[in-house]
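Visitor: Turn this into a model:
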Amino acid sequence: MQEAEIVIIGAAIVDILVRPADEDVFRTGSFPAEDIRMSTGADALNESTILSRMGKRVLLETVIGSDQAGQYLLGHCKKEGIRLPSDCLRDDLATGINVVLVQPDGKRSFLTNERGSLRRLCLNDIHMPFPKSARIVCFASIFVFPRISADDLSRIFACAKQQGKIVCADMTKCKNHETVEDMANAFSYIDYLLPNDEEAMLLTRKCTVTEAAEALLQTGVRNVIVKCGAKGCLVMNHDETYMLPARPDVTCIDTTGAGDSFSAGFLFALSEGRTLRECAEYANECGAKAVSVIGASEWIPRI
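Guide: You can find the predicted model right below:
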């Protein structure tokens with residue numbers, strides 16, 4: 001088996017998607033949803049799946065339970081060609097399962113198991129140094145894992161940089177009132193940071209996406225790419241700033257995994273040596289394809 005080109009760090013869970021979800025179910029006791037399906041989910045597994053289907057060799061650094069749901073994820077990774085550490089399966093964990101309630105306009109609400117594997121990753125679970133063959137290391141997503149501190153992120157990113165890797169990271173909303181100052185040292189190692197607009201403004205306490213990107217750039221991040229949903233994305237570094245519009249005429253059915261598809265598209269283009277603008281344009285295209293179908297990675301077929 002050929003060695004990994006890209007290392008993705010983060011969560012792998014099972015998603016139960018319900019569309020459309022309606023609060024009437026609590027009044028009537030039953031509601032005829034148009035579609036209910038089970039699929040794989042979570043940021044890192046979504047990105048890994050998409051990248052693997054694009055032909056990339058991916059190592060997924062994660063932890064899952066040795067239960068039925070965990071076996072389902074193992075089977076998925078084997079089928080997709082996603083590499084996993086030999087010790088990722090844990091007897092003391094329940095594999096995370098999310099119920100994703102998709103509203104008619106594509107917006108989502110989640111039911112999560114707080115004791116499941118979704119948020120249980122810690123520094124000791126991540127195998128360092130990273131494979132020599134990997135050119136890119138991506139952490140997806142910052143703030144998901146309460147056991148991984150800002151100092152831990154600094155150690156992870158510093159290790160990757162010492163090995164000459166390109167360091168990328170996605171984000172979710174900060175959970176414990178973290179500030180951009182708290183994250184500055186860890187962010188200083190990042191080559192490409194990929195938050196969405198809400199996440200960026202919440203962390204930086206700024207009122208506009210541009211101001212938030214500027215604050216993130218001041219931490220030492222080399223490039224900030226802010227996902228702005230239907231508006232496209234904002235790209236900023238110390239040399240240039242520009243907005244790339246989203247693909248027009250896209251019907252939004254389900255936003256599940258749209259940000260992960262964006263990030264995966266960006267990583268793929270980056271691994272192919274494309275320019276920053278080309279990476280962001282391709283990321284926009286992947287995000288648009290993702291929202292046009294139900295599920296996080298169903299938009300891209302297996303090779």
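
Visitor: Identify the residue nearest the residue most central in space within the chain in space, chain neighbours excluded?
Guide: Nearest residue to the geometric centre of the chain (CA atoms, centre = their mean): Asp43, 3.3 Å. Of all residues not flanking Asp43 in the chain, Ala140 sits nearest, at 4.2 Å (CB to CB, 6 or more residues apart in numbering). Quick note: C-beta positions are derived from backbone N, CA and C, even for glycine.

Visitor: residues making contact with the helix or strand where the one you found lies?
Guide: Applying DSSP states H and E as the criterion places Ala140 in strand 136-142. Strand 136-142 is contacted from outside by 5-10, 43-44, 47, 130, 153, 156-157, 160, 165-172, 183, 186, 260, 263, 267, 270-271, using CB atoms under 8 Å, 6 or more residues apart in numbering.

Visitor: Among those, which ones are in strands?
Guide: Taking DSSP state E as the definition of strands, the contacts of strand 136-142 contribute 6-10, 166-171.

Visitor: Now tabulate the residues you listed in JSON lines and tack on distance to Leu121 and neighbour count.
Guide: Shown next, in JSON lines, are those (distance: CB to CB, whole Å; neighbours: other CB atoms under 10 Å):
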{"residue": "Ile6", "distance to Leu121": "18", "neighbour count": "28"}
{"residue": "Val7", "distance to Leu121": "14", "neighbour count": "26"}
{"residue": "Ile8", "distance to Leu121": "12", "neighbour count": "33"}
{"residue": "Ile9", "distance to Leu121": "8", "neighbour count": "26"}
{"residue": "Gly10", "distance to Leu121": "7", "neighbour count": "26"}
{"residue": "Ile166", "distance to Leu121": "21", "neighbour count": "19"}
{"residue": "Val167", "distance to Leu121": "17", "neighbour count": "23"}
{"residue": "Cys168", "distance to Leu121": "17", "neighbour count": "26"}
{"residue": "Ala169", "distance to Leu121": "14", "neighbour count": "26"}
{"residue": "Asp170", "distance to Leu121": "14", "neighbour count": "31"}
{"residue": "Met171", "distance to Leu121": "15", "neighbour count": "26"}
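
Visitor: From those, pick the one nearest Leu73.
Guide: Gly10 (13.1 Å; CB to CB).

Visitor: residues contacting that closest one?
Guide: By CB under 8 Å, 6+ apart, the neighbours of Gly10 are 42-45, 47, 60-62, 121, 139-141, 144-145.

Visitor: Lowest-confidence one in those?
Guide: Minimum pLDDT for the contacts of Gly10 is recorded at Ser141 (88).

Visitor: I figured the residue nearest to the centre of the chain was touching Leu194, is that so?
Guide: No. Counting by CB atoms under 8 Å, Leu194 is not a contact partner of Asp43; they are 10.6 Å apart.

Visitor: sorry, back to before: Serialize the contacts of Gly10 to a markdown table and add fields for distance to Arg302.
Guide: Shown next, in a markdown table, are the contacts of Gly10 (distance: CB to CB, whole Å):
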| residue | distance to Arg302 |
| --- | --- |
| Ala42 | 19 |
| Asp43 | 20 |
| Ala44 | 19 |
| Leu45 | 15 |
| Glu47 | 16 |
| Leu60 | 17 |
| Glu61 | 22 |
| Thr62 | 20 |
| Leu121 | 27 |
| Phe139 | 26 |
| Ala140 | 21 |
| Ser141 | 25 |
| Val144 | 27 |
| Phe145 | 29 |
